[in-house]
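Novice: build me a structure from this.
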Amino acid sequence: MSQSIVITGSGIVSAIGLDKESVLESLLSRKSGVNMPKHLQTNHRDIPVGEVNLSNAEMKSLLNIDDPYINRTTLLGMMAVDQAVNEAQLVGAIKRSYRVVLVSGTTVGGMDITENYFSSMLSSEEHMRCMLSHDCGNSTRALAERYDFIQDYTTVSTACSSAANALMLGADLIKSGQADIVIAGGTEALSKFHLNGFNSLMILDRERCRPFDDSRAGLNLGEGAGFVVLESKESALKRGASIQAYLSGYGNACDAYHQTASSPNGEGAYRAMSQALSMSGLKSEDIDYINAHGTGTPNNDESESAALFRLFGDEVPCISSTKSFTGHTTSASGGIEAIISLLVIQHDFIPANLGWSNQMTNGVSPSLGEENHLVNNVMCNSFGFGGNDSSFILSKHETPSMNVSYAEGEIKVLSYVEIDASADLNRIKEYLKPMEVRRMGPLMRSTLLSSLDAIKQAEIDCPDAIVTGTTLGCIDNSEKLLREMVSSNEATTSPTLFMQSTHNTIGSAIAIQLGCHGYNTTYTQAEHSLSWCMHDAEILLRSGRAKTVLVGCHDENTEWYAWVQRAIGRDVMPPIHSVAMVLTLESGK
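Specialist: Next comes the predicted model:
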């Protein structure tokens with residue numbers, strides 16, 4: 001039986017259009033959506049961004065929603081998912097015959113609402129209600145509850161590769177028989193939090209970005225949402241659904257180099273692209289277009305170019321970055337650029353790499369745009385903080401993709417470690433040098449201590465994959481950064497706090513410490529985070545993509561957040577809690 005995964009519906013909301021038709025028009029007319037902020041109430045009015053040209057109030061009206069505390073990330077996601085669901089002809093009656101799952105990628109979550117009410121929360125219990133929508137998992141829950149046929153949902157939070165990893169998980173769930181239809185993609189709103197955070201890293205351009213140009217000076221942040229409906233070819237034919245494209249290959253690897261910088265040789269990117277190409281059954285010369293990650297930062301474009309030359313040699317296919325159109329939509333980028341790649345396949349054109357005019361040293365030469373250019377296969381790259389690198393291939397026709405068999409047998413726990421606030425976290429110095437520990441907060445220490453203990457007990461040097469769960473990530477760093485940003489009126493933001501605020505920071509830290517280049521992902525779905533980690537680990541083990549998987553779930557709490565949890569009637573999380581285990585598959589006889 002074929003394991004071909006197809007796309008039967010797609011939806012997009014971005015700075016260059018509120019649907020596929022308007023996005024296509026912008027791409028063909030080479031119209032950028034990057035401008036000075038309009039809806040984001042930031043003091044940094046000189047930093048261009050790719051905003052969706054709708055206020056929250058306008059989106060609520062279009063979606064018929066009156067919740068005062070619903071966040072922008074959720075609203076953008078609803079607009080895109082509505083389009084995808086309608087196009088795929090998913091209706092309520094489908095729930096009786098199909099297992100439908102939503103997988104959404106986001107990192108910002110409800111931060112736009114949290115930062116707006118952060119100061120007033122101290123004096124208003126009413127404003128504390130905004131924290132009900134703060135965590136990333138809540139955005140996905142709100143999306144899922146809009147549709148009565150979605151039976152399960154989860155959130156992937158691996159920074160800028162989140163949506164790409166959501167697509168991969170969706171395909172894996174279908175191939176492994178855990179879902180029939182998956183709505184997968186990502187949604188992300190602009191926030192003062194991550195605008196100031198990226199600004200502290202000094203990688204934002206004050207002009208429109210110029211990916212792969214010798215004069216490039218950084219990226220432009222953007223926002224939006226992109227989702228596709230995935231199902232097997234057999235399911236689509238049975239339903240009479242129109243097949244828009246095939247998800248023919250995908251891969252994820254960890255650069256294991258640095259939390260915010262990519263390695264000079266693009267190791268993680270090279271591995272991810274190689275995996276995607278291998279799974280698709282295609283040859284390098286079969287790729288007609290590459291939608292590059294191409295952020296416009298000096299580091300990314302050099303590293304991605306190096307990885308591309310390693311894989312394709314001197315014959316790099318037509319390539320461009322579309323972030324000069326949309327801005328870098330971070331966690332949503334893999335979903336938005338999947339839709340752009342889909343449009344490329346359907347309309348046979350190459351999007352322009354806007355702003356490019358000067359060849360960079362040792363860099364690829366991007367396209368300035370072509371129409372009437374036959375495109376059968378597109379490779380799409382998404383590379384995130386922590387070296388979380390992902391790549392997938394969309395194809396116009398079915399490809400000779402590898403069929404995967406899923407082995408039976410018992411999932412065996414080789415080791416299990418649990419740490420709480422009573423543990424001596426300074427014991428991490430048994431594994432790390434004092435200088436390495438100096439800037440680590442409690443959660444990072446408990447994560448590494450529990451993980452390295454588990455690996456030692458399992459008697460392995462390095463796991464094949466790292467799958468991490470968390471509800472809030474390094475909330476202590478996020479809180480400190482918020483306080484810093486508010487008290488300084490956006491004048492001061494710590495780059496160290498920002499680097500350690502993304503949810504996948506903890507999973508990446510393990511990989512960097514171990515030099516582990518294997519599969520790496522992070523789930524953030526509140527109390528269900530660990531169970532989704534276990535689902536993913538089982539898929540990896542039974543499919544043979546990993547022989548050992550390090551699974552962990554790590555969370556912390558602060559006095560302030562515990563106070564908020566009590567005030568809004570939530571269970572109060574413990575100050576520190578880490579669980580780490582190494583799993584393997586014991587083959588059946």
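Novice: which of the helices or strands spans the closest residue to residue 239 other than its chain neighbours?
Specialist: Distances taken as CB to CB, 6 or more residues apart in numbering put residue 89 closest to residue 239, at 7.3 Å, once the chain neighbours are dropped. The C-beta positions use only the backbone N, C-alpha and C, and glycine is treated the same way. Here residue 89 sits in a region with no helix or strand, counting by DSSP states H and E.
Novice: for residue 281, see how far away residue 89 is.
Specialist: Separation of residue 89 from residue 281 (CB to CB, to the nearest Å): 29 Å.
Novice: again, but for residue 252
Specialist: With distances taken as CB to CB, residue 252 is found 18 Å from residue 281.
Novice: so residue 89 and residue 281 - more neighbours on which side?
Specialist: Neighbour count, other CB atoms under 10 Å: between residue 89 and residue 281, residue 281 has more, with 17 against 14.
Novice: excluding chain neighbours, what is closest to that one?
Specialist: residue 400 (3.5 Å).
Novice: could you report the pLDDT at the residue positioned nearest the centre of the chain?
Specialist: Taking CA atoms, centre = their mean, the centroid of the chain lies closest to residue 162, which sits 0.9 Å from it. Residue 162 is assigned 97 on the pLDDT scale.
Novice: can you pull out the low-pLDDT segments for the stretch 51-200 of the chain?
Specialist: Applying pLDDT under 70 to the stretch 51-200 of the chain flags residues 92-93, 95, 122-126.
Novice: ranges for the helices of the stretch 151-300 of the chain?
Specialist: Applying DSSP state H, counting those that start in this stretch to the stretch 151-300 of the chain gives helices spanning 162-175, 192-200, 233-239, 267-280, 298-312.
Novice: ok, now which ones touch residue 575?
Specialist: Residue 575 makes contacts with 421, 442, 556, 557, as judged by CB atoms under 8 Å, 6 or more residues apart in numbering.
Novice: right, and residue 118 touches residue 484 too?
Specialist: No - assessed by CB atoms under 8 Å, residue 118 is found out of contact with residue 484, at 11.4 Å.
Novice: wait, what's in contact with residue 132?
Specialist: 69, 138, 568, 570.
Novice: sec struct for it, please.
Specialist: Recorded secondary structure, residue 132: helix (DSSP: H, G, I helix; E, B strand; the rest coil).
Novice: from residue 268, how far off is it?
Specialist: Noted for residue 132: a distance of 36 Å to residue 268, by CB to CB.
Novice: do residue 564 as well
Specialist: According to CB to CB, residue 564 and residue 268 sit 37 Å apart.
Novice: what residue ranges in the stretch 351-500 of the chain score low on pLDDT?
Specialist: Using pLDDT under 70, the stretch 351-500 of the chain has no residue that qualifies.
Novice: repeat that for 80
Specialist: The stretch 351-500 of the chain contains residues with pLDDT under 80 at 401-403.
Novice: and the helices in it?
Specialist: 434-437, 442-458, 475-487, 495-499.
Novice: returning to what we had before: now the residue nearest to residue 281: phi and psi?
Specialist: The phi/psi pair for residue 400 (degrees, to the nearest 10) reads phi -80, psi 50.
Novice: that one and residue 543, how far apart?
Specialist: Counting by CB to CB, the gap from residue 400 to residue 543 is 18 Å.
Novice: returning to what we had before: what about residue 564 and residue 268, which has more around it?
Specialist: Each of residue 564 and residue 268 has its neighbours counted (other CB under 10 Å); residue 268 has more, 30 against 21.
Novice: ok, and the closest non-adjacent residue to that one?
Specialist: Distances taken as CB to CB, 6+ apart place residue 255 nearest to residue 268, at 3.0 Å, with adjacent residues excluded.
Novice: contacting residues for that neighbour?
Specialist: By CB under 8 Å, 6+ apart, residue 255 lies in contact with 262, 263, 266, 267, 268, 269, 383, 387, 388, 389, 517.
Novice: the first one: how many residues sit nearby?
Specialist: By other CB under 10 Å, the residues close to residue 262 number 27.
Novice: per-residue pLDDT, it?
Specialist: We have a pLDDT of 90 for residue 262.
Novice: phi and psi next, for it.
Specialist: The phi and psi values for residue 262, taken as degrees, to the nearest 10, are phi -100, psi 150.
Novice: burial measure for the residue nearest to it when sequence neighbours are not counted, as a count.
Specialist: In space, and not counting its chain neighbours, residue 262 is closest to residue 303: 3.6 Å by CB to CB, 6+ apart. Residue 303 has 27 neighbouring residues, counting by other CB under 10 Å.
Novice: what sits against residue 441?
Specialist: Residue 441 neighbours (CB under 8 Å, 6+ apart): 474, 476, 477, 500, 556.
Novice: if you could redo that for residue 371, that was the one I meant.
Specialist: Contacts of residue 371 (CB under 8 Å, 6+ apart): 28, 348, 349.
Novice: and the gap between it and residue 24?
Specialist: For residue 371, the distance to residue 24 - CB to CB - is 12 Å.
Novice: same list (the contacts of residue 371) but as a markdown table, adding distance to residue 153, pLDDT and secondary structure.
Specialist: As requested, the contacts of residue 371 are arranged in a markdown table below (distance: CB to CB, whole Å; pLDDT from 0 to 100; DSSP: H, G, I helix; E, B strand; the rest coil):
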| residue | distance to residue 153 | pLDDT | secondary structure |
| --- | --- | --- | --- |
| 28 | 35 | 98 | helix |
| 348 | 35 | 98 | coil |
| 349 | 34 | 98 | strand |
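Novice: filter these down to the buried ones.
Specialist: For those, a neighbour count by 16 or more other CB atoms under 10 Å gives the buried set as 348, 349.
Novice: any chance of TSV for the contacts of residue 371, columns distance to residue 5?
Specialist: Compiled in TSV, these are given as follows (distance: CB to CB, whole Å):
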residue	distance to residue 5
28	28
348	22
349	24
